[in-house]
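Asks: following is a predicted model, sequence given first.
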Amino acid sequence: MKKTYAVFGLGRYGKAVVKELVESGAEVIAVDDNEENVDEIINIVPVCKCADVTDPEVIKQLGIENVDTVIISMAGNLESSVMATVLCKDVGVPTVIVKCASEIHGKVLERVGADRVVIPEKESGKRLAKNLLSSGFVDMVELSDGVSMVEIDVKADWIGKSLKELNLRKKYSVNIVALRQHDNIMTFIDPDMPLAEGMKFIVIADTEKLGKLS
């Protein structure tokens, strides 16, 4: 089933997330308490509301309990970010990602239930959206138009098999540049080595072909 997203806060970062998600065909609810921000994006999002997401009744009316992932983009207001995070987790949202102004704020937000915190200087809104849409990828970076580098988990049915047996380059049209296991990164990979649970591949591939891997 197609995943659903809600974006709280439609500043520059929030708009970038919304646009990338919508352009990729995702179902998105966009919310901001500033009418000007809502008006700027309402033409591209079927569900775009001007509302206060720190109000439990608003969360209920929007049906946020049915959303798979909420992205809270209100880094300038820690109190609102905390309240929105708590309310989303209270209604059972599986994944809550919160943009924060600093690492200290990030620790506060993790304490109240945020599944992931994002510091804008380190991760753009567009990149976050691409990562969310690329199901099965741990991380994704566009190297150029049409070419991306992604980090993926070793799939369950690959465990115990070697790269020679899997022949991933031929099957998925990808180039494996490194193997990561915990904090150890190996750029030389023995093609006969059996793969183990918890390993991750760093691969480079044509962006349009990445769907095969997910």
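Replies: On my side now, so go ahead.

Asks: is it true that Ile29 touches Val7?
Replies: Yes - if you go by Cβ atoms under 8 Å, Ile29 and Val7 touch, sitting 7.3 Å apart. For every residue, glycine as well, the C-beta is placed using N, CA and C.

Asks: these two - which one has more neighbours?
Replies: Val7 (29 against 21; other Cβ atoms under 10 Å).

Asks: check which helices and strands the helix or strand hosting Ile59 sits against.
Replies: Counting by DSSP states H and E, the element that carries Ile59 is helix 56-61. Judged by 3 or more Cβ pairs under 8 Å, 6 or more residues apart in numbering; DSSP states H and E, the packing partners of helix 56-61 are helix 78-90.

Asks: other residues contacting whatever helix or strand comes next after the helix it packs on?
Replies: Downstream of helix 78-90, the next assigned helix or strand under DSSP H and E is strand 95-99. With contacts defined as Cβ atoms under 8 Å, 6 or more residues apart in numbering, strand 95-99 is touched by 9, 13-14, 68-75, 81, 85, 88-89, 106, 109, 113-120, 128.

Asks: by mean pLDDT, which helix or strand of this protein comes out lowest?
Replies: Across the helices and strands of the chain, mean pLDDT, DSSP states H and E gives its lowest value to strand 137-144, namely a mean of 53.

Asks: what angle do whatever helix or strand Leu21 lives in and strand 95-99 make?
Replies: Leu21 belongs to helix 12-23 when elements are defined using DSSP H and E. Orientation of helix 12-23 against strand 95-99 (axes from the mean of the first three to the mean of the last three Cα atoms, to 10 degrees) gives an angle of 140 degrees.

Asks: now helix 12-23: buried residues?
Replies: The neighbour-count check on helix 12-23 (16 or more other Cβ atoms under 10 Å) flags 13-22 as buried.
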